[in-house]
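*Asks:* model this:
(chains A and B)
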Amino acid sequence: MKDPKEILQDDAFKSLQNWEAEYDPQDWLDMANMLDQEENKGIPFFQPTEIKPKRKTKLIILLMTLLSMMGIAGYFMLSTPQMSKNSFPTNENLKETKKEIEVSETHKPYENTEREYFSTVEGNIEKQNNFTQNIKSSADQKTWNQNDISNSISNNLKGESDLILEIPMDKKPNENLLEKPLANHKNLKSNNINNELETESIQEKTEQDTAIKAIRQTFQKNIYRKVWVPEEYEYIYQSEYSPIQDFWIGLHFTGQREWTQELYNSGGFNLQFMSGHAKRLKTNNIGIYGGLDFGVQFMGKSEKSNVELNTTTLDSGFTRLSNRAYDIFARFHVEYTGNVIVPYFTAFAGPRINATGQLVKSYTPLIDHERSSYNNAYTSASLNYGIGVGVRVQLNRTISLDARYEYMGATEAKLMDLNNAQFNGLSYRRNLSDLAQEYNFFKIGVIFNLSTSRYEKKVVKEGYYKETVYDSLTIDSSDENIRYLPCKDLPCDPKTFKSKYKVEEMEETDSQPNGNGGIYRETETDTNTVPHRNRNRTGTSSGGNTSRPAPTIKAPSPKPTPRA
Amino acid sequence: MENFVNTSANNIIYSEEKNIDEKAFLDTIISGCMEKKRSAQEVLYKKYYGKMMGLCLRYFKNKEDAKDAMNMGFLKVFKNIHLFDKEKNLDAWIYTIIQRTALDLVRKQVKIYTLETEVTEKSAYIEPEILQHLYVQDLMLLLNQLPDTSRLVFTLYAIENFKHHEIAEELSISEGTSKWHVNHARKILKELILNQNAKKP
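*Replies:* Reported below is the predicted structural model:
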């Protein structure tokens, strides 16, 4: 409850509202200082102590942004066509220069460059000489003043920068030519020693600048390297009548006829395993193949002779002789494809084994013995060789019908004469005859194309070494060791935006990248490196084809010798 | 009271004459301040120093802080004096500028925590006899014994006649927090006043 006598406590503090503090003169001094600082404060941007930290950070960021933008803008402004014309002449500028100095286009570019450079520098030096003479003559008359000097400089050296800077910089001038303007420059300097005019310093400075401009030209030097450009292939889909790409088998029935006699006319079979590729002759329709030819010829049988077999039951049977020839030839095959009918030529050579065997066979099946036995009665061998021609009719991509004629020659060999063989009841008396040395073969068979590839890998462009620009340097013509590089990690010249540095014996390393003589192959997956197959394997390998030695087992330590 | 006369364009001299109009006097000072006359600025500074310093001392316990706040406020006054409309009250204009400046500074110094609880304002009464023995200096000492936040809120509420919602808006706190601080300050002040009165012989 409120006592009526009491008053609100807050009211007591209301009196503070009009309370005035006692004046302190020091406060005004501080205030005056603040006012002085405020009045002396310039642009806030240049009063970093007066700027709040946050605002200062913003100002710094803004300043950096502005500077960056100005730098970028300056860079692009310096790279304007006008600038390019003065520093790095374009092709159009080069053409204009050539017109001015009337250099024939038929000259080689290198010589053309030298001529341009020489003419330009000489022209400048000549202008300087004229300018010097003008100054001297005017000095004798004592009528030379500062304006005249300026006018003369501007008149004599008008267009000088264009002339000098139009020197082609992508071609290196001859070093001897560089010495000439240097010598002229020295002569000019010696002539000016005797000049007593006040314009001497201005003249020397102008000469020096001009001479330096003329001498200290830069030219670009390109370093080339050779890289291997691999072959380019084209994969062509194989048609039905295209050459057999890889592998084929031929199975033939062979009719053999002797060339001079008809004693051993016979028939047999041949099995050929051939392999090859049409691209060997780099033509589309020629296929060359090589392989082995296994053949057997059945060269006749003698008449049957009844015999009694040596069995417990004394079964009856018969015996007869038969001649056979076994061939193992190495065969060469070349064919012209592209059509349904494929003519071809073939050649072969190899041994032939002639064998005569005696067959003993019972008429009835035997219980304790085999029904027949075949024993070799005579064997001889000859070296055969031959050639042949034929045609292959392609039924489809896989199967072809084949027919061929072959001529075969053979060395001398003998074989039992079946017509004159005499059987004495137990065995045959050997009666040999000479085999023919010339044969005719007629073969009919089937060829199976077993190639899996349906695409032909065709070379479109051969591999070659290509010269590419490895590096391009801007080199000071006064000293070839002084080079100008784009600013990256080196101290930068703010005017040219290039770094100038001097190198010693850099040529070898520049022209031989990677220490590989400047020539190395460029692979598809990894350019500028050595091919994968030549890489040294390092680290662990998960494959099994490692040349690492297998771990060896440590030999057990020798057993201790028992004590005596 | 000291009066001033602008005798020339460049000089302001003191005058002891007492019959010069107050408005003319202020116009003279304002004109001098606009021309950045140091003497005019000093006169204006001295004229409003007591009241403005008293204002700042209610916001700051430390005299140095109060002086800095006041000087910064005066700096704004001098910089923006040309914006002042002479038809309006100069006292209120200066008072507002310095109060705003002081509040900006004290807001940065004092951490105020918001209370979520509902607070009912309770008025504190005290016997008039007790208050009769309290002078302004005593009241200032009592204020300075309050916690910073409570002192600030109580000053704004009880002395500066701010409403609770205005205090809440000004200090970015809730009205309940403002009320709580006022009640808290009253409670402490009452105890302090009673204790002080009890100690007196």
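*Asks:* flag every residue of the stretch 151-300 of chain A that's near chain B.
*Replies:* Residues of the stretch 151-300 of chain A lying near chain B by C-beta under 8 Å from any C-beta of the partner chain: none. C-beta: built from backbone N, CA, C; applies to glycine.
*Asks:* residue A:273 pairs with what?
*Replies:* Residue A:273 forms beta bridges with residue A:249, residue A:292, as assigned by DSSP bridges.
*Asks:* actually residue A:267, not the one I typed
*Replies:* Taking DSSP bridges, one finds residue A:255, residue A:298 as the beta-bridge partners of residue A:267.
*Asks:* and for residue A:332?
*Replies:* Counting by DSSP bridges, residue A:332 forms beta bridges with residue A:290, residue A:347.
*Asks:* report the central residue of chain B.
*Replies:* residue B:55 (1.6 Å; C-alpha atoms, centre = their mean).
*Asks:* per-residue pLDDT, that one?
*Replies:* Note on residue B:55: pLDDT of 87.
*Asks:* secondary structure element holding it?
*Replies:* Using DSSP states H and E, residue B:55 sits within helix B:38-59.
*Asks:* and residue A:359, by the same measure?
*Replies:* strand A:341-362.
*Asks:* past that strand, which element shows up next along the chain?
*Replies:* Next along from strand A:341-362, by DSSP H and E: strand A:372-394.
*Asks:* list the buried residues for that next one?
*Replies:* Under the neighbour-count criterion of 16 or more other C-beta atoms under 10 Å in any protein chain shown, strand A:372-394 has A:377, A:378, A:380, A:382, A:384, A:386, A:388, A:390, A:392, A:394 buried.
*Asks:* if I look at residue A:320, how far off is residue B:167?
*Replies:* Using C-beta to C-beta, to the nearest Å, we find residue A:320 at a distance of 138 Å from residue B:167.
*Asks:* what do you get for residue A:393?
*Replies:* 113 Å.
*Asks:* same check on residue A:258?
*Replies:* From residue A:258 to residue B:167 the distance is 135 Å (C-beta to C-beta).
*Asks:* the two: who's more crowded?
*Replies:* Relative neighbour count places residue B:167 above the other of residue A:258 and residue B:167, with 25 against 17, counting by other C-beta atoms under 10 Å in any protein chain shown.
*Asks:* before we move on, what SS does that one have?
*Replies:* helix (DSSP: H, G, I helix; E, B strand; the rest coil).
*Asks:* hmm, residue B:153 and it touching each other?
*Replies:* Yes. With contact defined as C-beta atoms under 8 Å, residue B:167 counts as touching residue B:153 (5.9 Å).
*Asks:* need the residues touching each of those two.
*Replies:* Taking C-beta atoms under 8 Å, 6 or more residues apart in numbering or on different chains as the criterion, residue B:167 and residue B:153 both touch residue B:178.
*Asks:* out of everything not next to it in sequence, what's closest to residue A:333?
*Replies:* Closest residue to residue A:333 apart from its sequence neighbours, by C-beta to C-beta, 6 or more residues apart in numbering or on different chains: residue A:289 at 4.4 Å.
*Asks:* residues contacting residue A:346?
*Replies:* Per C-beta under 8 Å, 6+ apart, neighbours of residue A:346: A:331, A:332, A:333, A:334, A:387, A:388, A:389, A:390, A:404, A:406.
*Asks:* please tell me how far it sits from residue A:430.
*Replies:* From residue A:346 to residue A:430 the distance is 37 Å (C-beta to C-beta).
*Asks:* cheers, nothing more for now.
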